[in-house]
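A.B. asks: Would you be able to build a 3D model of this:
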Amino acid sequence: MGKLCTLLILGAIISLLGIANIKGNISTIHWYNRTKVSEADAPKYGRAVGAGTLIIGIALILSAVLSLFVTSDRLDIVAIVGCVVGLIVIVCAQLKYNHGLF
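C.D. replies: Residues are numbered from 1 along each chain as shown. Below is the predicted model:
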């Protein structure tokens, strides 16, 4: 039950951060990750990073919810795949709009 609550809370927090980024609030992203992002690209950067963050949050929530209905040790794969896909989206946005990872 502890793992379930942790995944739900963490997924919800990460999803809310992703939604904030999608709506244009990039202040939640580390300053050094947005140093080279132009003002014109800031909304696009926020949407892209926010989408990746939201993917991660939803994957954690989905993994927790599925664990209520399915008893399998393989459910962690949902969270892992979601995190990998979300990180790929974030890294691609970082490279495109910040012209590097840092």
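A.B. asks: make it CA atoms for all contacts and neighbour counts henceforth
C.D. replies: Noted.
A.B. asks: Contacts only, for I19.
C.D. replies: Applying C-alpha atoms under 8 Å, 6 or more residues apart in numbering to I19 gives the contacts 50-51, 54.
A.B. asks: now do G86
C.D. replies: By C-alpha under 8 Å, 6+ apart, the residues touching G86 are 51-56.
A.B. asks: of all those residues, which two lie farthest apart?
C.D. replies: A51 and I56 (8.7 Å; C-alpha to C-alpha).
A.B. asks: between the two, who's got more neighbours?
C.D. replies: Using other C-alpha atoms under 10 Å as the criterion, A51 and I56 rank with I56 on top: 26 against 22.
A.B. asks: if I look at the more buried one, how far off is I80?
C.D. replies: 9 Å (C-alpha to C-alpha, to the nearest Å).
A.B. asks: Likewise for K44?
C.D. replies: Distance of K44 to I80, computed by C-alpha to C-alpha: 26 Å.
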